[in-house]
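**Q** Test case, fold it:
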Amino acid sequence: MEGEIGGVIKGLKQMGTQQGLAGEKNALWPKWLDTSTGTAKHMQYDQYLRAGYPIGSGVIEGACRHVIKDRMERAGMLWTLDGASALLRLRVVHTNGHWDEYQEYRIAREQTALYGVDAPFAMAA
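**A** So this is what the prediction gives:
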């Protein structure tokens, strides 16, 4: 791989023309290509691979499976959008190791809301 993103964009343009995209897909395609062309200087995958950075969706897919799928798709689980969103936010806080900080923040906000002052009973660090 030699970081030839320009060739990739050119190939995608040709594919779009050959596929005869129409309607909404045809309207979105040029916008995506313009964005990709403008950010091509940041897509130096050959250099990223040499530096040992992960390229591709494997890392993202693994994180999504760990944070989302393993918890949300257990047998008998039914979620509302709000409930699922709240749970996923908490899982990310926990997974990133920020649980204790978050609890202190949450307690301080709740005390402020209840008593109208800045956390009169906040836990000492």
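**Q** Could you use CA atoms for every contact and neighbour count after this?
**A** Fine.
**Q** For this protein, give me the ranges with low pLDDT.
**A** Scanning the chain for pLDDT under 70 picks out 1-3, 5, 22-23, 25-30, 32-38, 57, 118-125.
**Q** same thing but at 50, please
**A** Residues of the chain meeting the criterion pLDDT under 50: 1, 125.
**Q** and the most centrally placed residue in the chain, which of the three is it?
**A** Centroid-nearest residue in the chain, with CA atoms, centre = their mean: Ile60, separated by 8.0 Å. Three-state call for Ile60 (DSSP: H, G, I helix; E, B strand; the rest coil): helix.
**Q** Let the chain start at 32 from now.
**A** Shifting the count to begin at 32 puts that one at Ile91.
**Q** can you tell me how far it sits from Gly147?
**A** Distance of Ile91 to Gly147, given as CA to CA, to the nearest Å: 42 Å.
**Q** now Tyr76
**A** From Tyr76 over to Gly147 (counting by CA to CA), the distance is 52 Å.
**Q** now do Glu92
**A** Glu92 sits 43 Å away from Gly147, going by CA to CA.
**Q** And this protein, split by domain according to the record?
**A** 36-81, 89-146 (automatic domain parsing).
**Q** after the one helix or strand Ala117 maps to, next one along is what?
**A** Ala117 belongs to helix 112-126 when assigned by DSSP states H and E. Per DSSP H and E, the first helix or strand lying C-terminal to helix 112-126 is helix 130-146.
**Q** residues of that following helix that come out buried?
**A** Across helix 130-146, burial judged by 16 or more other CA atoms under 10 Å covers 139-140, 142-143.
**Q** And stretch 109-126, by the same measure?
**A** By neighbour count with 16+ other CA under 10 Å, stretch 109-126 contains the buried residues 118-119, 122.
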